[in-house]
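*Asks:* 3D model of this:
(2 chains)
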Amino acid sequence: MENIFDEHLIKFSFEGEKAITWDLLKRFGKVYKKNQIIIKEGDASDEIYLLVKGSCYVAKTMDNAYKIMNIIHEGELFGEMAVFDEKMRSATIAAREEETVCLKFPRNDFIEIFRAHPRWCEKIIREMGVRIVKMIGEL
Amino acid sequence: MVTLENIYQNGQVKKFKKGEKLFSRNEMVGEDAIFFIKQGLVKLLIFKKDRTELKIYLKDGDLAGVAEVYADSPRVTESICDSDVECYIWNKSNFILTVSMIWELSLYTIKSLSVFLKIINSEFVEKENIKF
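*Replies:* I've put the predicted structure just below:
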């Protein structure tokens, strides 16, 4: 069965980033080369990614070229709109550094993580809130 | 069935007229901490260092005021009703407690912050072309 909520996920859902061990990386980790496409605009897929190392471009196709719209940094989630049944990818995501590492979760596993441990969600929310306040201060 | 609407209904309903503020920049987060917009349009104004303004519009179903609550920060935006607005308002501790217990609400909050973060992130990026 594909979406087994296994021991690595249970540990991750309780400990968050502290539980990003070799076992978890082996099961969900993906390493991308610089400029390698991770998500392609227009594709239908529902995986959610947590960027563990490196950074990523967010790009949109305009006039047959990719235009950079944004940068994703370590610790940020992307593709998370798939949780809300938006399966058509709205932008292309590509690795910005030579060894960019993501945890790639199938949608159901990701939802199980949230169900199992909302405290981890709270930590993500807090980090996002702090980042938003800090970035607005820098604008 | 538990829906987000059901959850939000535990907040206090409050109506605002067009032009009224939900909160002002630099004010401390008070008892009215989190605003779930039931109906209407809210304009968030961010004042940039170059003296221009970034406007972000929130509509029915959106959340306002979450970032400052979790960052323990004064308000960083000016929040003005762009139409008559009806909100469910939550105090800080109730919201944090409910998020920690109801995964649907925490996911929705993450979605809301994620959209906001993407808008802010994009302000820092040179919109140049690239080849993959």
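
*Asks:* what pLDDT, on average, does stretch B:19-28 get?
*Replies:* What stretch B:19-28 shows for mean pLDDT is 96.

*Asks:* Let me know the helix or strand that the residue nearest to B:E53 when sequence neighbours are not counted is in.
*Replies:* Closest residue to B:E53 in three dimensions, ignoring its sequence neighbours and counting by C-beta to C-beta, 6 or more residues apart in numbering or on different chains: B:L45, at 5.4 Å. Placement of C-beta: from N, CA and C, glycine included. In this structure, B:L45 sits in strand B:42-47 according to DSSP states H and E.

*Asks:* B:S112 too?
*Replies:* Counting by DSSP H and E, B:S112 is part of helix B:103-122.

*Asks:* Quick one: list the elements packing against that helix.
*Replies:* Under the contact definition 3 or more C-beta pairs under 8 Å, 6 or more residues apart in numbering or on different chains; DSSP states H and E, helix B:103-122 sits against strand A:65-72, helix A:107-116, helix A:118-138, helix B:4-8, strand B:53-58, strand B:63-64, helix B:66-71, helix B:92-101.

*Asks:* Least reliable of the ones you listed by average pLDDT, please.
*Replies:* Set side by side, the helices and strands packed on helix B:103-122 give their lowest mean pLDDT on helix B:4-8, at a mean of 75.

*Asks:* Only the buried residues of that one, if you could.
*Replies:* Of the residues in helix B:4-8, those buried by neighbour count under the rule 16 or more other C-beta atoms under 10 Å in any protein chain shown are B:I7, B:Y8.

*Asks:* same deal with stretch A:56-68?
*Replies:* Of the residues in stretch A:56-68, those scored as buried under the neighbour-count criterion (16+ other C-beta under 10 Å) are A:C56, A:Y57, A:V58, A:A59, A:Y66, A:I68.
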